[in-house]
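Asks: sequence and predicted structure, then a few things I'm wondering about:
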Amino acid sequence: MTAIIILLVIGAVLLFLETLLPGLVAGGVGLICLGVAVVLGYRDFGASGGNLVLGIVLVGWCWAAWPG
């Protein structure tokens, strides 16, 4: 569970840094971290836990992309 939370936080921070840093490296690594967190959620906690992690990622992604 700790690894999933750490990957979610690192992924979110790297995606935020992508807005400040030139290039696509931070954003790409951030997306990879979020994807690995989802995969670990499915592997460690089954379908319900994986769906929960996926939902958190999608809600965070939509919230960050919302204009305003």
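Replies: On my side now, so go ahead. Residues are numbered from 1 along each chain as shown.

Asks: any stretches of this structure with poor pLDDT?
Replies: Applying pLDDT under 70 to the predicted model, the residue ranges of the chain that meet it are 68.

Asks: just give me the residue closest to the centre of it.
Replies: Centroid-nearest residue in the chain, with C-alpha atoms, centre = their mean: L34, separated by 2.9 Å.

Asks: ok, and the closest non-adjacent residue to that residue?
Replies: For L34, ignoring the flanking residues on the chain, the nearest one in space by C-beta to C-beta, 6 or more residues apart in numbering is G11 at 3.9 Å. From N, CA and C alone the C-beta is placed, and that goes for glycine too.

Asks: okay, helices next: where are they in this protein?
Replies: Residue ranges of the helices in the chain, as given by DSSP state H, are 2-18, 25-65.

Asks: got the angle between the last one and helix 2-18?
Replies: Spelled out, it's helix 25-65. 90 degrees (axes from the mean of the first three to the mean of the last three C-alpha atoms, to 10 degrees).

Asks: could you name the helices and strands sitting against helix 25-65?
Replies: helix 2-18 (3 or more C-beta pairs under 8 Å, 6 or more residues apart in numbering; DSSP states H and E).
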